[in-house]
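Enquirer: here's a sequence, model it:
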Amino acid sequence: ITLLNQETNYNNTTYTKIENNALETIYLSIYLSIYLSIYLSIYLFLLLIIPDIHIYKSYITKSTGGNPFGWLWFIPSVILLFALVWILLSSREALAAQHLIGTFTITYMVIVLPKTIFMICSLLDLPLKYLFKWQIQPFSWLGIILGTGIMLMVLYGAIWGKTRFNVKQVTFASPDLPAAFDGYRIALARHTQGSWNGDRATLQKAVDLINAQQTDLIVFTGDIVNTKASELEPFENILAQLKAPDGVFSILGNHDYGPYHNWPTTEAQDQNIRDVQNKQASMGWQLLNNDHVILKRATDSIALIGVENNGEPPFSQYSDLPKAMEGTEQCSFKLLLTYALTPEVLDTDIDLMLAGHTHAMQFAVGRLSPSQFMYPEWSGLYMEGKQGLHVNVGLGYIGRMPLRFGAWPEITVITLKQLKMKIQ
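Expert: Prediction:
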């Protein structure tokens, strides 16, 4: 607690570690973490047991005639139950090293979700059976179909979907864009975040795909690591291959500050942040920590602005948009790189904001995704007047949920166009 109000400097940037209500925020975060862990564990346990009991009593006992071998039905759930207890009792470091949470999550979803869906659908058959004396069970068959579909979607997303890279072409038109930048192309990627567990070939495929777009500029909007800078070591030489005429620029995401690791000291966490920054510099990337650069074409120019993570407690809040914009007044077109959405952009003359953070929860069917219930802007291009926001759903995946379905790993290619105003 004595270290809470310390301030540390990284590359002349002051990071205020804890604000005025810091202690209350920390206590609340700890309480919520414990509460959510207990609540989630109970929820997972009930989802594991209740469908099994229902299916056993309604179907297994009838089909086996009470044979003791019917109890074999519970074996997968018992194994998952022991795995859940082991995860709850294990340290975060041990789990991170072995990627066991991700394996458990996929196995749990493949086994439990189909049974849960089938149970819900089969319960809908009860009124038909007892009130109308129906002999057929249409909802049970629907449950089999839906459960099988969910299982196949999870398996596809875990095996193939998480590396099914998708190049999304986006055009953004603005009357403020200088003529020399008409047709200017930007490749946007974000969120490698410790994905692929040492799979260099997959990351190489992504880097080759980005370079193949032959854009004028490449930008990376945060979460290059999950927790530690050392995660970059197997991939530094691959990421260093990213090249564009106007360079590669990046910002930091919430994971890049290492908030999810139990650091022995604040100095160790501070050093980790410096290591993340230094490794990006050694790869030839330029970090925009509440800073900007002016990109020029002939006599025209645009401003590329980058802010650090803009998060709500307990997430890190280091964004300083006014500071980042100082010196960009002469540019008619301004492009902002931000990890999370930065609402104060609406009060500025920034033309286009490139963001992420939502991951689209790594699951979507068309324009439907569970992320839309948390984030009104969760994927794609959104307009507010002449200002634009593009949300990239990420290139990698969260280690605890190693799958993607529908929300495929994304590389966005943005083409800027000058919007010529019609003269009446």
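Enquirer: burial of residue 349, as a residue count?
Expert: 15 (other C-beta atoms under 10 Å). (Each C-beta comes from the backbone N, C-alpha and C, glycine too.)
Enquirer: tell me the SS of it?
Expert: With DSSP: H, G, I helix; E, B strand; the rest coil as the basis, residue 349 sits in coil.
Enquirer: roughly how far does it sit from residue 420?
Expert: According to C-beta to C-beta, to the nearest Å, residue 349 and residue 420 sit 19 Å apart.
Enquirer: would you map the strands across the stretch 1-150 of the chain?
Expert: Secondary structure of the stretch 1-150 of the chain by DSSP state E, counting those that start in this stretch: the strands cover 7-10, 13-16.
Enquirer: quick one: average pLDDT of the first one?
Expert: To tie it back to what came earlier, the one meant is strand 7-10. Strand 7-10 carries an average pLDDT of 40.
Enquirer: doesn't residue 189 make contact with residue 217?
Expert: No: counting by C-beta atoms under 8 Å, residue 217 does not reach residue 189; the two are 11.9 Å apart.
Enquirer: so which of these two has more stuff around it?
Expert: More crowded of residue 217 and residue 189, by other C-beta under 10 Å: residue 189, with 27 against 20.
Enquirer: give me phi/psi at the more buried one?
Expert: phi -140, psi 160 (degrees, to the nearest 10).
Enquirer: ok, for it, nearest residue in space, not its chain neighbours?
Expert: In space, residue 189 comes closest to residue 395 once its chain neighbours are excluded; the distance is 4.9 Å by C-beta to C-beta, 6 or more residues apart in numbering.
Enquirer: pLDDT weak spots in the stretch 251-400 of the chain?
Expert: Along the stretch 251-400 of the chain, the model assigns pLDDT under 70 to residues 312-316.
Enquirer: contact partners for residue 246?
Expert: 216, 217, 295 (C-beta atoms under 8 Å, 6 or more residues apart in numbering).
Enquirer: do you know how far it is from residue 218?
Expert: 9 Å.
Enquirer: how many residues are close by the residue nearest to residue 189?
Expert: Residue 395, neighbours per other C-beta under 10 Å, totals 27.
Enquirer: just the one 4 residues further on next, same as before
Expert: Neighbour count for residue 399, taken as other C-beta under 10 Å: 20.
Enquirer: who's in contact with the spatially closest residue to residue 150 that is not a sequence neighbour?
Expert: Using C-beta to C-beta, 6+ apart and skipping the chain neighbours, the partner closest in space to residue 150 is residue 113 (5.1 Å). Under the criterion of C-beta under 8 Å, 6+ apart, the contact list for residue 113 reads 147, 150, 151, 154.
Enquirer: give me every residue that touches the first one.
Expert: Same thing as residue 147. 113, 114, 115, 117, 118.
Enquirer: look up how far residue 144 lies from the residue lying closest to it once chain neighbours are set aside.
Expert: Closest residue to residue 147 apart from its sequence neighbours, by C-beta to C-beta, 6+ apart: residue 114 at 3.2 Å. Taking C-beta to C-beta as the measure, residue 114 falls 8 Å from residue 144.
Enquirer: looking at these two, which is more packed in?
Expert: residue 114 (21 against 16).
Enquirer: ok, that one touching residue 152?
Expert: No: counting by C-beta under 8 Å, residue 114 does not reach residue 152; the two are 9.5 Å apart.
Enquirer: what about the stretch 1-150 of the chain, any weak spots by pLDDT?
Expert: 1-37, 91-98.
Enquirer: can you tell me the centre-most residue of the protein?
Expert: residue 359 (3.3 Å; C-alpha atoms, centre = their mean).
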